[in-house]
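Engineer: A predicted structure for the sequence below; I have some questions about it.
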Amino acid sequence: MDDIRECKAFLEYLSAHFDGELDEDLVVQFEQHLRFCSNARCIVRTFERTIALHRQRRPDRVPADMHERLLKALEECRRSGG
């Protein structure tokens, strides 16, 4: 599988990975991709930081459109190939 297709598949499984919903085989593939792809590692770090920042803030302080903006940015990243 070429790098672009692997990154697209990686992005499709990103949320499931953080939710602990990947089966064992996909976890292995996901982690292997992370070892070799600096773009994927960057995406995961950004996702982890976003989650951490969100958890630190009180829910009433989070802008109402933050979720939509994050989803839009992730979708744009997915469409551009990572």
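Structural biologist: Cool, the structure landed.

Engineer: centre-most residue in this protein?
Structural biologist: L14 (4.1 Å; CA atoms, centre = their mean).

Engineer: SS state for E21?
Structural biologist: Assigned by DSSP: H, G, I helix; E, B strand; the rest coil, the conformation of E21 is coil.

Engineer: was I right to think the residue nearest to the centre of the chain contacts I43?
Structural biologist: Yes. The pair L14 and I43 qualifies as a contact (CB atoms under 8 Å) at a distance of 6.9 Å. The C-beta positions use only the backbone N, C-alpha and C, and glycine is treated the same way.

Engineer: okay, and the common contacts of those two?
Structural biologist: Shared contacts of L14 and I43 (CB atoms under 8 Å, 6 or more residues apart in numbering): none.

Engineer: list the contacts of the residue nearest to the centre of the chain.
Structural biologist: Contacts of L14 by CB under 8 Å, 6+ apart are 43-44, 47, 74.
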